[in-house]
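>>> Curious how this folds, go ahead:
(chains A, B and C)
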Amino acid sequence: MTELIDRPPLADRPPSPTAELLRVRELGVAFGERTVVRGVDFALAPGESLGIVGESGSGKSTTALALLRMLPAGGRITGGAVELDGQDLAGLPEEALRAVRGRRIAMIFQDPMSSLNPVLSVGRQLDEALRAHGGHRAKAERASRAVELLELVGVPKAASRLGDFPHQFSGGQRQRIMIALALAHDAQVLVADEPTTALDPTVQRQILRLLARINRERGTALVVISHDLGVIAETCSRLLVMRDGEVVEQGATARLLTVPQHAYTRSLLAAVPRLDAPSRAAGNSTPGAEPLLVVRGLAKAYGPRRRRSPALESVDLDLHPGETLGLVGESGSGKSTLARALVGAHAPDAGSISFAGRPLDGRRARREIQMVFQDPYASLNPRLTVGRIIAEPLIAHKVGDRAQRQARVAELLEQVGLEASAAARSPREFSGGQRQRIGIARALAPRPSVLVCDEPVSALDVSIQAQVIDLLARLQRELGLAVLFIAHDLAVVRQVSHRIAVLHRGRIVESGPADRVVTAPEHPYTAELLAAVPSLPTPTSGSLT
Amino acid sequence: MRTFLFKRLPSALAVLVAASFTVFLMLRLIPGDPATTLAGPDASPATIAAIRERLGLDAPLLSQYVHWLGQVLAGDLGPSYAIGGQVSELIGDGLAATVQLTVASLLLVVVLAVPTALYAVSGRRRALAGALRALTTGALAVPPFVTGVVLVLVFAVGLGLLPAGGHASLFDAPDLAVQYLALPALCLALPSAAILARYLQDGLERALGEDYVRTATALGVPRRRILWRHALPNALPSAVTVLGLQIGQLIAGAVVVERIFAWPGLGQLIEQGVSRRDYPVVQDLLLLVVAGYVAVQLLTDLLYSWLDPRVRWE
Amino acid sequence: MTTISFPLAAGSRSRNRYVAGLRTWRGVTGLVLVGTVALAGLLAPWLTDADPDAQGPQALAAPSGDHPLGTDDIGRDLLSRVLHGILTDLSIILTAVPAGALIGAALALLAGTSRAADLVVQRLFDLVLSFPGLILGLAVTAILGPGRWPVVIIIALAEVPYFGRQLRAGVLVQREREYALAARVGGAGRARVLLRHVLPNAVDPLIVQGAVALSVGVFIEGALSFLGLGVRPPEPTLGSLISGSVAYLDTDPVLAAAPLAVTTALVLGFTLLAEALNRGARS
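This next block holds a predicted model:
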């Protein structure tokens, strides 16, 4: 399927100012009293592609939902117009609007698993989409059209899979099915809200290429909403940057990414880690000669006794003091299983872990090896205060008395850049980035020598990402920590790591110096991963300062 | 589905065996000896010993249990202690009446609950939907013995429309039988119908808030169709589970309802058995109820797995 | 919006949400109903001088100054019997429901310790649940005979699997959350993770279950009394008062009215409270 598609259009199709398919005028949206989108203004020509980018809270997804007037409960359009071919959707009665949705303007969503109905077969769901505006097409006709749609989006053996249910497809195939649903009536506009955020990089690339191909070959105008500038650069010829519910800047993607005008766009671009930037780890610390942590032949399988599926086949790994080892892998590669085995959360089926020359036991692991988690919301116990969360490892290891622990908590908070007064507050009073700092402070509490970071920045906005990465670098410099940095984003991993190891189906397929692995990959899988990273044009020198 | 049955069947059987053993042990836990009870207050030690031997009460506990299970499977349950007659005949007499009552109320439960729930989430006539909601809360809040008393007061004593109690054969006099059946079935059905309606409504509301409903809306599927074809199939499996649990409540509630409406079913029999300490009757009836209920649960689970493809294909 | 667009950690704000649930019309109505009935029961010795068990000369008397609600079939003061009946019911359910909740919670925590324990505890819950509702009551009465304590035991036993299953489900969900893993990685032992981290985040749904259980307790007491298998006479309970009035429905329907009204108010109150708490938790 993918070989049909070459590079997507970037600036080769300039927006035509005359033919307007979709025209958004001074759009405002509020939830209750709170205005979340104001004065959004843009136009979309037939066959054009527009990307809307912004960080969380920028109002980009709300804008997308407002285009189909599908705001969640409590939200309402407070002003402006959404004109599709001159017809204002914002003022249309519900029944007339229904006739527009899915027929002339369609939408796909972030999470294809929850967005597909789990108890209806894929064929049924396509049929539902087809008959929503189908008039009186015969059942057989609808069925053959459903197969056609699935083939169009690249679902293999489409005809035999109509009876299957969403959970029987992979994540990427589910998103393809979502796209097939949206294409059922050849809508003129396709709105994609974070269409690849839930997907792995290699799958993301396939989906983005599919969207670009639909845009190019079928002339479907595309609106892509994303937090990831790379995703927009791959698919859209025009770009619109949002912040705090307002449009900051818009224009041709190629121009905006190379010569941004607005300060916010510049800072956003500056914060995005770039794959072609060399590793900064060497300037941060020099790894020791003797390995601190040595992993040999580590294996772990899950599932019922008879049908165990291996998560780790056989993993060998060395981590030196003061070193950052980047571990790259997609979902299902076994990276979380590896992280959990290292911190002693579960016992491996086979293999050995030794620490400073001695086999690692659970007690020792829990002091020397600590972990920073991906989700800054789920990883902090909502029932405890920040101070208590950080003090928990100290209490568990019976370190110091109450007053000493309090002093240590204050010290740790300061170390991660938070006020000591934060200790008395609840974690929910903090933003995602601040919560991640609290998580790091907790990990540092028992003075570990190894920090396992499991996707520590993937849930954060890029500007916050940069801050947390800087914090980790500073801590490594000050404390001489060995860091296992697990992530799927190769650009981030290259930036922070001395060495990179690539995990694929429970095995390390390649490892080596960070810059070498990125510039001259030896394993085909590494090359595939690298090719999947959306590329951003390099800004003109000086434009980011 | 077959693999699902194989996975579920062992635990159902385990529960059944454990429950039957518990029921069997009950008889031994009671202070006093069944043979003494059976023989009556004035019996001589020799008579008691004879009875004990005849009932096999001097055998080891486990072999007594196996013997009893054998009796049950053969359908020969032996004599009752206090009520008189053979236990199998007593149960046979009441079974038809109780099954009539519970099946009739089960139908009523579904007929009352499903439209109520669907209507309440349809988004039309909010006032009526609110009233229905208040009504289900009310029905939930009133114990069946209160409902029964009120129904008798209104329909039998006040309006004189229906008989206050009694029973007629469904085959000999169908119209009369239905008249007799109406009040007890309604009384038994109301609380369960309220619970089912409430669960189904909650399930539908939850489903209507899911992402896949947003997808269907974005595709232009009409709201009514979203409710019936997209939300309902998702709410149905857990509603079926609740219905299965409510069948247990119907069986249990029948004991009270049969008393109120003088309905000659198993409820009356078990109540007599308990109050007159007729242990064989109680023991066999408990086993029957538990076995029936475990079977219902198993059926419910199968239905669930059929309705939810995620379980079906596991 | 990125992947963390809805930062609502489950379990957070939950106590406040339950309180907010109580401030709705359902919550307030429920509190008023339960409060009024409970207060009337607690103040019974001050509200009436009449001995609930003393038989007067006049049976089935109409309401009068001496007997504000009249007398029953053997001349006892109905008001006094209703008020003391409330007291009996409250003392039964307030003993039985916490006992059932504690045993259920203890079993659920036991289930959280190992896979084998989980299996045993689950089958135990299945076993109790295989005796539906009142049937369990009849089985226990068959062994223990009628009386106050058997009623307490029946209600507690019937509630054990509901509390237990609910908490077990909550523990299973919370245990998989990252903060539990974080506590483990930080050096906390299994018991500490379970008791100090997981349990406090999993108990909240039991509040709703508690309100439901109280109403079920009134149901069970009433049904057992109705069948003559409950608290022994002459001690009044709401159930025995209703069942005693059934025989006089066509001649003296007033006799049934007072206990019916009180029982309905109490159960309705608990039901509304449960609904209010549940809605608060889900909002």
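>>> Point out the residues in the stretch 201-314 of chain B that sit beside chain A.
Counting by C-beta under 8 Å from any C-beta of the partner chain, the residues of the stretch 201-314 of chain B close to chain A are B:210-212, B:214-223, B:225, B:229-230, B:233-234, B:237, B:307-310, B:313. (Each C-beta comes from the backbone N, C-alpha and C, glycine too.)
>>> Buried by neighbour count, from the residues you listed: which ones?
Those of those that meet the buried threshold are B:210-212, B:214-223, B:229-230, B:233-234, B:237, B:307-309, by 16 or more other C-beta atoms under 10 Å in any protein chain shown.
>>> In helices, which of the residues you listed fall?
Among those, the members falling in helices (DSSP state H) are B:211-212, B:214-218, B:223, B:233-234, B:237, B:307, B:309.
>>> Out of those, which is nearest to residue C:181?
Set against residue C:181, the nearest of those by C-beta to C-beta is residue B:211 (27.0 Å).
>>> Please tell me I have it right and that closest one contacts residue A:108.
No - under the criterion of C-beta atoms under 8 Å, residue B:211 makes no contact with residue A:108, lying 11.3 Å away.
>>> related to what we said a few turns ago, which one among the ones in helices among the buried ones among the residues of the stretch 201-314 of chain B next to chain A gets closest to chain C?
residue B:211 (12.0 Å; C-beta to the nearest C-beta).
>>> can you pull the contacts of the closest one?
Shown in contact with residue B:211 (C-beta atoms under 8 Å, 6 or more residues apart in numbering or on different chains): A:109, A:111, A:114, A:115.
>>> Residue C:53: which of those residues is nearest?
Residue C:53 lies nearest to residue A:114 out of the contacts of residue B:211, by C-beta to C-beta, at 62.2 Å.
>>> Could you verify that residue A:70 is part of a strand?
No - counting by DSSP: H, G, I helix; E, B strand; the rest coil, one finds residue A:70 to be coil, located in no strand.
>>> What backbone torsions are found at residue B:150?
Reported as degrees, to the nearest 10, the phi and psi values for residue B:150 are phi -70, psi -40.
>>> Pull the contacting residues for the residue of the stretch 51-200 of chain B found nearest chain C.
Of all residues in the stretch 51-200 of chain B, residue B:141 sits closest to chain C, at 3.7 Å by C-beta to the nearest C-beta. Listed by C-beta under 8 Å, 6+ apart, the contact set of residue B:141 reads C:215, C:264, C:267, C:268, C:270, C:271, C:272.
>>> Any chance of a markdown table for these, columns distance to chain B, neighbour count and pLDDT?
Listed next are the contacts of residue B:141 as a markdown table, based on distance: C-beta to the nearest C-beta, whole Å; neighbours: other C-beta atoms under 10 Å in any protein chain shown; pLDDT from 0 to 100:
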| residue | distance to chain B | neighbour count | pLDDT |
| --- | --- | --- | --- |
| C:215 | 7 | 24 | 89 |
| C:264 | 5 | 21 | 88 |
| C:267 | 5 | 26 | 89 |
| C:268 | 4 | 21 | 89 |
| C:270 | 8 | 25 | 91 |
| C:271 | 5 | 25 | 87 |
| C:272 | 7 | 26 | 89 |
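>>> Save those as a markdown table, and put in secondary structure and distance to chain A too.
Output for the contacts of residue B:141, formatted as a markdown table (DSSP: H, G, I helix; E, B strand; the rest coil; distance: C-beta to the nearest C-beta, whole Å):
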| residue | secondary structure | distance to chain A |
| --- | --- | --- |
| C:215 | helix | 29 |
| C:264 | helix | 35 |
| C:267 | helix | 33 |
| C:268 | helix | 29 |
| C:270 | helix | 27 |
| C:271 | helix | 26 |
| C:272 | helix | 24 |
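>>> contacting residues for the residue of the stretch 101-250 of chain A found nearest chain B?
Taking C-beta to the nearest C-beta, chain B has its nearest neighbour within the stretch 101-250 of chain A at residue A:102, 3.6 Å off. Residue A:102 makes contact with A:129, A:132, A:133, A:182, A:184, A:185, A:187, B:218, B:219, B:220, B:221, according to C-beta under 8 Å, 6+ apart.
>>> and with 6 Å instead?
Shown in contact with residue A:102 (C-beta atoms under 6 Å, 6 or more residues apart in numbering or on different chains): A:132, B:219, B:220.
>>> Likewise for residue C:104?
So, once contact is read as C-beta under 6 Å, 6+ apart, residue C:104 ends up touching C:160, C:163, C:164.
>>> Low-confidence stretches in the stretch 151-300 of chain B?
For the stretch 151-300 of chain B, applying pLDDT under 70 flags no range at all.
>>> repeat that with 80
Counting by pLDDT under 80, the ranges of the stretch 151-300 of chain B that qualify are B:153, B:156-158, B:160-176, B:276-279.
>>> what does it have sitting close to chain C?
B:153, B:157, B:248-249, B:251-252, B:255-256, B:270-271, B:274, B:282, B:286, B:289-290, B:293-294 (C-beta under 6 Å from any C-beta of the partner chain).
>>> what sits against the spatially most central residue of chain C?
Residue closest to the mean C-alpha point of chain C, counted by C-alpha atoms, centre = their mean, is residue C:214 at 1.3 Å. Counting by C-beta under 6 Å, 6+ apart, residue C:214 touches C:93, C:97, C:270.
>>> Can you classify it by secondary structure?
Classification of residue C:214 by three-state DSSP places it in helix.
>>> tell me the contacts of residue A:196?
A:204, A:207.
>>> Wasn't it part of a strand?
No - under three-state DSSP, residue A:196 sits outside any strand and is assigned coil.
>>> Quick check: chain neighbours aside, which residue is closest to residue B:88?
Using C-beta to C-beta, 6 or more residues apart in numbering or on different chains and skipping the chain neighbours, the partner closest in space to residue B:88 is residue B:77 (4.6 Å).
>>> For residue B:108, see how far away that neighbour is.
Residue B:77 sits 32 Å away from residue B:108, going by C-beta to C-beta, to the nearest Å.
>>> try residue A:230
To residue B:108, residue A:230 is 61 Å away according to C-beta to C-beta.
>>> again with residue C:163
Distance, residue C:163 to residue B:108, using C-beta to C-beta: 30 Å.
>>> what about those two, which has more around it?
The neighbour comparison of residue C:163 against residue B:108 (other C-beta atoms under 10 Å in any protein chain shown) goes to residue C:163, with 27 against 20.
>>> what residues are up against the residue in the stretch 201-314 of chain B positioned nearest to chain C?
Nearest residue of the stretch 201-314 of chain B to chain C: residue B:248, at 2.9 Å (C-beta to the nearest C-beta). Residue B:248 is in contact with B:293, C:132, counting by C-beta under 6 Å, 6+ apart.
>>> ok but it is inside a strand, no?
No - Residue B:248 is assigned helix when assessed by three-state DSSP, not a strand.
>>> Just the pLDDT for residue A:403.
According to the prediction, residue A:403 has pLDDT 93.
>>> Tell me, how many residues neighbour it?
Neighbours around residue A:403, by other C-beta under 10 Å: 8.
>>> now do residue A:95
9.
>>> and it, what helix or strand is that in?
Following DSSP states H and E, one finds residue A:95 within helix A:94-100.
>>> And the next helix or strand past that helix?
Heading C-terminal from helix A:94-100, the first helix or strand you meet, by DSSP H and E, is strand A:105-108.
>>> And the residue of the stretch 1-150 of chain C closest to chain B?
Closest residue of the stretch 1-150 of chain C to chain B, C-beta to the nearest C-beta: residue C:132 (2.9 Å).
>>> Point out the residues in the stretch 101-250 of chain C that sit beside chain A.
Residues of the stretch 101-250 of chain C found near chain A (C-beta under 6 Å from any C-beta) are C:177-179, C:181-182, C:184-188, C:197, C:200-201.
>>> got the buried residues for stretch C:33-40?
By neighbour count with 16+ other C-beta under 10 Å, stretch C:33-40 contains the buried residues C:33, C:34, C:37, C:38, C:40.
>>> hang on, I meant stretch C:194-212
C:194, C:196-199, C:201-212.
>>> related to what we said a few turns ago, model confidence for the residue of the stretch 51-200 of chain B closest to chain C, exactly?
The model reports residue B:141 with a pLDDT of 75.
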